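*Asks:* Would you be able to build a 3D model of this:
(one chain, ligands or ions: 2)
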Amino acid sequence: MAKEYSPFTPGVPVPVEFFVGREREVTDLVGHVSKSVVRKSLERIFITGERGIGKSSLCRLALRIAEEKHQVLGLHVFLGGVNSLEEMVRRIFERLLQESRDREWFAGVKGVLGKHVKEAGLFGLSLSFEASTSDLGQTVNDFAPTLRHLLERLGGQRKGIMIVLDDLNGLAGEARFANWLKSLVDEIATARTPLPLMLVLAGLPERRRQLIKNQPSLDRVFDPVEIKRFNEDETKLFYQQIFKKVNVDIHEEAQAILWRFSGGYPVVLHEIGDAVFQADSDGRIDKADALHGVISAAQVIGRKYIEPKVLSTIWSERYRGILKKIVSHPYEHRFSKADLDKRISPDQARVLHNFLRKLKQLNVIRPDAATGRGHYEFTSELYALFFYLQAAGGGD
Ligand SMILES: Nc1ncnc2c1ncn2[C@@H]1O[C@H](COP(=O)(O)OP(=O)(O)O)[C@@H](O)[C@H]1O
Ligand SMILES: [Mg+2]
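*Replies:* Ligands and ions are numbered 1, 2, ... in the order given. Got it, this is the predicted structure:
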């Protein structure tokens, strides 16, 4: 029976009240906002980390705290699928409208955006920002003056602005974006009137590399903050805090299992948590519930994250045969090439090297530093479990 309410939110930025850990990063970000407000300066951060590691969640929390504590205007803008600066500014101003509409400074915002504000949606409940491409192009060029003007119109009700440009994807590869950032930074630095602005970029490490390739000086302009996996303590804290909110107890033994299979990846933590929550029937998570949940999470995660990532590259008959031999035991996620060599066919042996290289590139396996050369481990035990379940079930 599916439970109605799960406190887990796989795949979407975590609600502020369920946010766990990351104290250093949050303090750091909020500290930069404070500095920006006090010194009326431009502060710049680039948040990087793998997909699902918690970049958006971190930005969201830092933004909320900064709004409360330092009275800044916070705008979290998602730029997935955006390839032009014009569309970027349109989204920034649309966000500005949505964030301000119920606030006391809405009149000021409306004053600045003026005729471009349109009521939208079937019942006119949402506001959209509409402008011609040439008007948008103008705003791209006048970005800093527009923000300055906006702050003036807010008449001290907001002391600065924090903008998070999240999911940089397409834009990060555009030379125009890199150049725009560079001139924005230079312009603010040399302008006579200061602008208290905290600019946060968030994206995968390769996005940061792309950006810097287009405009090498941005390397020094945006301080990188790298988000890492949770460690064991954080993972346990995560489950304790979340289960406590819904009055569910979790045993020590079960916690150890959840840590082992999640590998500390926040997105995996949520998937497993959700599955375990569903598996439990008496408000106490024991070892059996944990294992049960892990197995169903492996299937969900396999379908949602592993297959799309791996399928296109390695899903040949021959590769599958090899994978089956690698994951010959349900709870084993390490293997050695020497041992594998003994168990595979000559046909498979010919492509083994290539296959392992591809798995490494996809971040599915990594060299096992503890046991030495020729030894590998899956980056997540859940991966191994998923492939095992696939192989055991015939896997088609
Ligand atoms: N600090 C955290 N505490 C609790 N859950 C988190 C935390 N960080 C991330 N998550 C969860 O992990 C998943 C991925 O987070 P997200 O912020 O979307 O990652 P990213 O933006 O790096 O892709 C989401 O389900 C989110 O709720
Ligand atoms: Mg994100």
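*Asks:* residue in the stretch 201-350 of the chain nearest to ligand 1?
*Replies:* residue 266 (3.2 Å; C-beta to the nearest ligand atom). C-betas here are computed from N, CA, C, even on glycine.
*Asks:* can you check the chain too?
*Replies:* residue 54 (2.8 Å).
*Asks:* Could you list which residues are in contact with that residue?
*Replies:* Going by C-beta atoms under 8 Å, 6 or more residues apart in numbering, residue 54 touches 14, 22, 227, 266.
*Asks:* can we see that at 7 Å?
*Replies:* 227, 266 (C-beta atoms under 7 Å, 6 or more residues apart in numbering).
*Asks:* what's it sitting at in phi/psi?
*Replies:* phi 120, psi 20 (degrees, to the nearest 10).
*Asks:* and what of residue 369?
*Replies:* Dihedral angles for residue 369 - degrees, to the nearest 10 - are phi -60, psi -30.
*Asks:* Count the residues that sit near it.
*Replies:* Per other C-beta atoms under 10 Å, the neighbour tally for residue 369 reads 9.
*Asks:* What pLDDT is listed against residue 153?
*Replies:* Per-residue pLDDT puts residue 153 at 90.
*Asks:* ok so, going back, now the residue of the stretch 201-350 of the chain closest to ligand 1: how far from residue 170?
*Replies:* 24 Å (C-beta to C-beta, to the nearest Å).
*Asks:* Among these two, which residue is more densely surrounded?
*Replies:* residue 266 (27 against 17).
*Asks:* Give me the mean pLDDT for stretch 196-215.
*Replies:* Average pLDDT, stretch 196-215: 94.
*Asks:* Quick check: buried residues in it?
*Replies:* 196-204, 207-208, 210-212, 214-215 (16 or more other C-beta atoms under 10 Å).
*Asks:* tell me the domain boundaries of this structure?
*Replies:* Following automatic domain parsing, one gets these domains for the chain: 22-226, 231-314, 316-396.
*Asks:* Of these, give the one that comes closest to residue 9.
*Replies:* Of all these, domain 231-314 sits nearest to residue 9, with 6.0 Å by C-beta to C-beta.
*Asks:* In terms of helices and strands, where is residue 109?
*Replies:* helix 106-113 (DSSP states H and E).
*Asks:* Mind jotting down where the strands sit in the stretch 101-250 of the chain?
*Replies:* 117-120, 126-129, 160-166, 197-203, 223-226, 249-250 (DSSP state E, counting those that start in this stretch).
*Asks:* Let's have those in TSV, adding distance to residue 296.
*Replies:* Converted to TSV, those look like this (distance: least, C-beta to C-beta, whole Å):
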stretch	distance to residue 296
strand 117-120	40
strand 126-129	37
strand 160-166	30
strand 197-203	31
strand 223-226	32
strand 249-250	17
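*Asks:* Please pull out the lowest mean pLDDT helix or strand from the protein.
*Replies:* helix 307-314 (a mean of 74; mean pLDDT, DSSP states H and E).
*Asks:* just the angle between the helix or strand following that helix and helix 307-314, please?
*Replies:* Downstream of helix 307-314, the next assigned helix or strand under DSSP H and E is helix 317-326. Between helix 317-326 and helix 307-314, the angle comes out at 120 degrees (axes from the mean of the first three to the mean of the last three C-alpha atoms, to 10 degrees).
*Asks:* which of the residues in helix 317-326 are buried?
*Replies:* Buried residues in helix 317-326, counting neighbours by 16+ other C-beta under 10 Å, are found at 318-319, 322-326.
*Asks:* ok, and the closest non-adjacent residue to the residue of the stretch 201-350 of the chain closest to ligand 1?
*Replies:* residue 54 (4.5 Å; C-beta to C-beta, 6 or more residues apart in numbering).
*Asks:* before we move on, the earlier item: so which of the domains of the chain is nearest ligand 2?
*Replies:* Distance to ligand 2, taken as C-beta to the ion, is lowest for domain 22-226 among these, at 3.2 Å.
*Asks:* Quick one: end-to-end distance for that closest one.
*Replies:* 11 Å (C-alpha to C-alpha, to the nearest Å).
*Asks:* Identify the residues contacting residue 18.
*Replies:* Per C-beta under 7 Å, 6+ apart, neighbours of residue 18: 7, 242.
*Asks:* Got the phi and psi for it?
*Replies:* Dihedral angles (degrees, to the nearest 10) for residue 18: phi -110, psi 10.
*Asks:* and if you look at residue 378?
*Replies:* Dihedral angles (degrees, to the nearest 10) for residue 378: phi -70, psi 140.
*Asks:* Can you give me the buried ones in stretch 225-232?
*Replies:* Here stretch 225-232 shows 225, 227, 229-230 as buried, counting by 16+ other C-beta under 10 Å.
*Asks:* For residue 113, state which of the residues you listed is nearest.
*Replies:* residue 225 (31.4 Å).
*Asks:* Could I get the contacting residues of the closest one?
*Replies:* 25, 28, 45, 47.
*Asks:* What separation is there between the residue of the chain closest to ligand 1 and residue 377?
*Replies:* 23 Å.
*Asks:* before we move on, what about residue 256?
*Replies:* Applying C-beta to C-beta to residue 256 and residue 377 gives a distance of 18 Å.
*Asks:* With neighbour numbers in mind, choose between those two.
*Replies:* residue 377 (19 against 15).
*Asks:* just checking, residue 370 is part of a helix?
*Replies:* No - using DSSP: H, G, I helix; E, B strand; the rest coil, the assignment for residue 370 is coil, not a helix.
*Asks:* Hmm, residue 169 is touching residue 88, no?
*Replies:* No - between residue 169 and residue 88 there is no contact under C-beta atoms under 7 Å: 11.6 Å.
*Asks:* Now do the shared contacts for these two.
*Replies:* Taking C-beta under 7 Å, 6+ apart as the contact rule, residue 169 and residue 88 both touch residue 79.
*Asks:* Where does pLDDT dip in the stretch 101-250 of the chain?
*Replies:* 122-124 (pLDDT under 70).
*Asks:* Show me where it has its helices.
*Replies:* For the stretch 101-250 of the chain, the helices defined by DSSP state H, counting those that start in this stretch cover 106-113, 133-141, 143-153, 169-172, 175-190, 205-214, 218-221, 232-245.
*Asks:* what packs against the fifth one?
*Replies:* What it means is helix 175-190. strand 42-48, helix 85-100, helix 143-153, helix 205-214, helix 218-221 (3 or more C-beta pairs under 7 Å, 6 or more residues apart in numbering; DSSP states H and E).
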